[in-house]
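# Build the 3D model from these lines:
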Amino acid sequence: MKPNESLAMTQNVQNGQVPSTSSLPGHTAPAGKRLEPARFEELPSFTLAGISVVTTNAAELSGSGKIAALFEQFYLQNVAGKLADHQQQPGLYSCYFDYEQGDAGHYEVMVSVRVREALQVDGPAAVKTFTVPAAKYAVFVTERGAVIEMVQRAWADIWQWSRQPGNERAFTGDFEYYGPDTDPNDGQAEIYIAVR
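Next up is the predicted model:
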């Protein structure tokens, strides 16, 4: 995302519009055609650096969630800018990992950028790294529109898709990818779901 678009995303976060609260099972998709994976892709492991929190879907649904504040902190503290020298690929990632009981328990979410594996975190103390393991992914591409809303809709469809026979999530690390030119008001994102 461009800096001015990051500011727009921050303002949306401050107004309570957060891309990652969409990953909650209580959200339902509007009537009509459900989103299906655009493709399946095998990716090697790669490393992300950013800031994270541990939360649950129950906490996010109750209004005491932490994800909105995490996005706000990421933008307001310019975490991506502080990691720019280490960034391997442009774009922003929101990664979900360390699931305790699949989608029923605690998990960690990290707002991050992709960095070289050899990165020694020398930035702010809160910055940490996570190596996304090599995996096969079902890749969902959101519709074009207000990114936060489109991601929320996509996650609602992903929850429905993952409960269908033969669609088994691995819970090793899922992520949303926002390209560097993503326009928060009229853009698209890709959501990678690790599958068995």
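# C-alpha from now on. contacts and neighbour counts both.
Will do.
# Distance of Leu76 relative to Leu70?
Applying CA to CA, to the nearest Å, the value for Leu76 to Leu70 is 10 Å.
# Am I right that Gly65 is in contact with Thr55?
Yes - the pair Gly65 / Thr55 is scored as a contact, 6.9 Å apart, by CA atoms under 8 Å.
# When Leu76 and Leu70 are compared, which one has more neighbours?
Per other CA atoms under 10 Å, whichever of Leu76 and Leu70 has more neighbours is Leu70, with 20 against 12.
# The more buried one belongs to a helix, doesn't it?
Yes - remark: Leu70 belongs to a helix, assigned using DSSP: H, G, I helix; E, B strand; the rest coil.
# ok, so what distance separates it from Pro180?
In this view, Leu70 and Pro180 are 19 Å apart by CA to CA.
# helix or strand for the residue sitting nearest the centre point of the chain, which one?
A centroid search over the chain (CA atoms, centre = their mean) returns Ser94, at 2.7 Å, as the residue closest to the centre. Counting by DSSP states H and E, the element that carries Ser94 is strand 87-97.
# which residues touch that strand?
Among residues not part of strand 87-97, those counted as contacts by CA atoms under 8 Å, 6 or more residues apart in numbering are 1, 20, 48, 107-116, 171-181.
# And the next helix or strand past the lengthiest helix in the chain?
Under DSSP state H, the helix in the chain containing the largest number of residues is helix 147-162. Sequence-wise, the next helix or strand beyond helix 147-162 is strand 174-178, with elements assigned using DSSP H and E.
# So which elements touch that following strand?
The contact analysis (3 or more CA pairs under 8 Å, 6 or more residues apart in numbering; DSSP states H and E) places strand 174-178 against strand 87-97, strand 190-195.
# which one of these is the most hemmed in?
Across the helices and strands packed on strand 174-178, averaging neighbours per residue (mean count of other CA atoms under 10 Å) puts strand 190-195 on top, at a mean of 23.
# As PDB, could you dump the C-alpha coordinates of that one?
As requested, the backbone C-alpha atoms of strand 190-195 are provided in PDB (Å, rounded to 0.1, in the frame of the first residue of the first chain):
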ATOM      1  CA  GLU A 190      -5.700 -12.500  -1.600                       C
ATOM      2  CA  ILE A 191      -6.400 -14.800   1.300                       C
ATOM      3  CA  TYR A 192      -4.200 -17.900   1.600                       C
ATOM      4  CA  ILE A 193      -5.700 -20.800   3.600                       C
ATOM      5  CA  ALA A 194      -3.300 -23.700   4.400                       C
ATOM      6  CA  VAL A 195      -4.900 -27.000   3.600                       C
END
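# List the single closest residue to the residue nearest to the centre of the chain in space, sequence neighbours excluded.
Here the nearest residue to Ser94 in space, its sequence neighbours aside, is Val111; by CA to CA, 6 or more residues apart in numbering that works out to 4.5 Å.
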